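Trainee: A predicted structure for the sequence below; I have some questions about it.
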There are 2 protein chains.
Amino acid sequence: MTAHSHTDQPALTKNQSLVYDALTDAKAPLSAYAILDGLREHGIRAPLQVYRALDKLLELGLVHRLESLNSFVACSNSECGARETMVFAICVKCNKVSELADDRLEAHLGALAAADHFTVHAATVELRGICGQCRSDA
Amino acid sequence: MTAHSHTDQPALTKNQSLVYDALTDAKAPLSAYAILDGLREHGIRAPLQVYRALDKLLELGLVHRLESLNSFVACSNSECGARETMVFAICVKCNKVSELADDRLEAHLGALAAADHFTVHAATVELRGICGQCRSDA
DNA sequence: ATTGCATATGTTATGGTGTTACACAATAAA
DNA sequence: TTTATTGTGTAACACCATAACATATGCAAT
């Protein structure tokens, strides 16, 4: 496993910037097609333009994919670059996502897997529940 | 959160049994459409027949969905019914999946979320890596 | 400057995943 | 036996993602 870092980024291309800005402006995860719809007036016309930009942004660690939603979020945790495994807490009420870091979780998962003779390369950890704000409102 | 139990099951209907048997016979996760293709000669003709059976089997806890693969597996861990959070270790080489249980993981994730004032209802934990058998073979 | 290469872009078409809407059948309960 | 619930069948559709091919752009190394 190799921790990436998104310090010292290469400049983003036009399409990459459009997609990245769409995600950073959004208050919740966006699907590729939602991004597409939001960028039509900026000249983005086809899914592939979005998916290619997303591929690059994922590779740079600027964006994460939420498997359980088939959607994408801009990275919001400065510690992300230093860790392998991030946890995404997805509020089922307001759809906001918190990106949580924990030093021990990766070790915990690694040990659990090792007991089954399994070597972990990557982990997907997505929590569904209620965020603090929505709990207060209720 | 409510732990389910799949002891004392209601009898499965024909379509539910067909889908469940397809998954228990498979050595790796199957997509809904792969199940569909495998059951055409048994009279299953449309995606919805598969998805409806899967919905019921998921509700009964007999089957799990792997979000990162858009696929489904038969439950293979007897402790599953007693726990909220299972871990799926997916071998990228042979595609086999181990379903792992760990008492402390749920608490660990709950505490991590609670520090962010988030209340967990459900968790998706999927590991990608190499299983013991494939590691030995290499 | 020109060649060569890697990367990014644009477009069309296609394939994989999942649901909506509607009609009908089987089962179980009152 | 009426009613309610659950399961089934079919068609059409919507959403997610990639393949194939052509073109363009940036950046070396000569």
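Mentor: On my side now, so go ahead.
Trainee: which other residues reach stretch A:50-70?
Mentor: Residues outside stretch A:50-70 that contact it (Cβ atoms under 8 Å, 6 or more residues apart in numbering or on different chains): A:4-6, A:9-10, A:12-13, A:15-16, A:18-20, A:23, A:29, A:31-33, A:35-36, A:39, A:44, A:71-75, A:80-81, A:86, A:88, A:90, A:97, A:99, A:124, A:126, A:128, B:67-68, B:124, B:126. C-beta here means a position set from N, CA and C on the backbone, and glycine is covered the same way.
Trainee: Distance from the chain centre to the helix or strand hosting A:Gln16, please.
Mentor: According to DSSP states H and E, A:Gln16 maps onto helix A:14-25. Chain-centre distance of helix A:14-25: 14 Å, with Cα atoms, centre = their mean, to the nearest Å.
Trainee: Same question for stretch A:69-83.
Mentor: For stretch A:69-83, the distance to the chain centre is 4 Å (Cα atoms, centre = their mean).
Trainee: buried stuff in that stretch?
Mentor: A:69, A:71-75, A:77, A:80 (16 or more other Cβ atoms under 10 Å in any protein chain shown).
Trainee: all helices of chain A, in order?
Mentor: A:14-25, A:32-38, A:47-60, A:103-114, A:132-137 (DSSP state H).
Trainee: Tell me where the model's unsure across chain A.
Mentor: Within chain A, the segments meeting pLDDT under 70 span A:1-9.
Trainee: which parts of it sit against DNA strand D?
Mentor: A:31-34, A:46-48, A:51, A:70-71 (Cβ under 7 Å from any atom of the strand).
Trainee: A:Cys94 touches A:Cys134, doesn't it?
Mentor: Yes. Counting by Cβ atoms under 8 Å, A:Cys94 does reach A:Cys134; the two are 5.3 Å apart.
Trainee: Find the centremost residue of chain A, please.
Mentor: Centroid-nearest residue in chain A: A:His64, 2.0 Å away (criterion: Cα atoms, centre = their mean).
Trainee: now that residue: how far from DNA strand C?
Mentor: For A:His64, the distance to DNA strand C equals 19 Å [Cβ to the nearest atom of the strand, to the nearest Å].
Trainee: just A:Val125 next, same as before
Mentor: Computed as Cβ to the nearest atom of the strand, the A:Val125 to DNA strand C distance reads 19 Å.
Trainee: Quick check, that residue in contact with A:Arg83.
Mentor: No. Applying Cβ under 8 Å, one finds A:Val125 not in contact with A:Arg83, separated by 11.5 Å.
Trainee: got the helices of chain A as TSV, with mean neighbour count columns?
Mentor: As requested, the helices of chain A are exported to TSV (neighbours: other Cβ atoms under 10 Å in any protein chain shown):
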stretch	mean neighbour count
helix A:14-25	18
helix A:32-38	18
helix A:47-60	17
helix A:103-114	16
helix A:132-137	13
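Trainee: Those: which one's closest to B:Asp103?
Mentor: Ranking these by proximity to B:Asp103 (Cβ to Cβ) places helix A:103-114 first, at 10.5 Å.
Trainee: Break chain A into its domains for me.
Mentor: Domain ranges of chain A: A:14-74, A:80-137, per automatic domain parsing.
Trainee: now the shortest one, how far from the centre of its chain.
Mentor: This means domain A:80-137. With Cα atoms, centre = their mean, you get 11 Å for domain A:80-137.
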